[in-house]
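# Could you work out the structure for the sequence below:
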Amino acid sequence: MGCPGAAMILAFLATAAAYPSSLTCDFACMGNYMPGSSFGYMGVANIGNETGTNCVVTTNIPSSGFVTNETYTVTVTSMTNLAQRVVASAGNFGINGMVSNTGAYFGKGTSEIHSWTASGDSSSVTFRVLCGSSQEMWYADTMVSAATTTSTTNTGTTTTAATVNMAMRSMSAAPALPLLAMLALSV
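Predicted coordinates:
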């Protein structure tokens, strides 16, 4: 017969040591979260009700769009020291693929830079971000950036900015709506 308190202590320690990087949530899964939505992991019942300065994502991708095989910075900031999980719809974060994490092993921070490399398999990229700890979880406004497109004609080469480099405000409607809006903008 084991000690009943030991199970509670182990459960507490597991919760206290968990960070967004502990999630196995990919890009599609992260689309299910929005401000105020149910979370239920790491001892946090819900995502915070607003975005604001609690979790902010920006990039250095120019308004003219990203270029295939170029590396850009994705910066995530928060008002308090939080761990982060950043996922991308395309491209990669080096050896981590389309997911980048901070905070699990190296401590949490208020500003972290993630290096993202554009791939040629998409005309746009969407970044989704969670910032959190065992006491709180925040969802950043979704960031969408488009690729620079180049077309060659008989008269020369023309480079055109595709469309969008903007943060999409999270909506209280279905999580699929920001994705539908992004698809409409990237056509």
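# ok, whichever strand or helix holds residue 57: who's next to it in the sheet?
Per DSSP states H and E, residue 57 falls inside strand 56-59. Here strand 56-59 is paired, per DSSP bridges, with strand 71-88 (antiparallel).
# circling back: pull the residues that contact the strand holding residue 57.
Applying C-beta atoms under 8 Å, 6 or more residues apart in numbering, the contact partners of strand 56-59 are 72-78, 86, 116, 127, 129, 140-141, 143, 145, 165, 167. (C-beta placed from N, C-alpha, C; glycine too.)
# Put the buried members of the residues you listed into a ChimeraX selection.
Selection of the buried residues among these in ChimeraX, burial being defined by 16 or more other C-beta atoms under 10 Å:
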select :72,74,76,77,78,86,116,127,129,140,141,143,145,165,167
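# any weak-confidence spans in the chain?
1-22, 103-107, 149-187 (pLDDT under 70).
# the strands in it, which residues?
38-41, 44-46, 56-59, 71-88, 99-102, 109-117, 124-132, 137-139, 142-146, 148-153, 156-161, 165-168 (DSSP state E).
# Of all the residues in the second one, which ones are buried?
Neighbour-count burial for strand 44-46, with 16+ other C-beta under 10 Å as criterion, is recorded at residue 44.
# could you say what helices and strands it packs with?
Secondary-structure packing of strand 44-46 (3 or more C-beta pairs under 8 Å, 6 or more residues apart in numbering; DSSP states H and E): strand 38-41.
# which helices and strands sit right next to the strand it packs on?
Under the contact definition 3+ C-beta pairs under 8 Å, 6+ apart, strand 38-41 sits against strand 44-46.
# Adding distance to residue 31, write the strands of the chain out as a markdown table.
Output for the strands of the chain, formatted as a markdown table (distance: least, C-beta to C-beta, whole Å):
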| stretch | distance to residue 31 |
| --- | --- |
| strand 38-41 | 14 |
| strand 44-46 | 17 |
| strand 56-59 | 15 |
| strand 71-88 | 9 |
| strand 99-102 | 14 |
| strand 109-117 | 18 |
| strand 124-132 | 7 |
| strand 137-139 | 10 |
| strand 142-146 | 9 |
| strand 148-153 | 25 |
| strand 156-161 | 26 |
| strand 165-168 | 12 |
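# Which among these is found nearest to residue 65?
With C-beta to C-beta as the criterion, residue 65 lies closest to strand 148-153 of the strands of the chain, at 3.7 Å.
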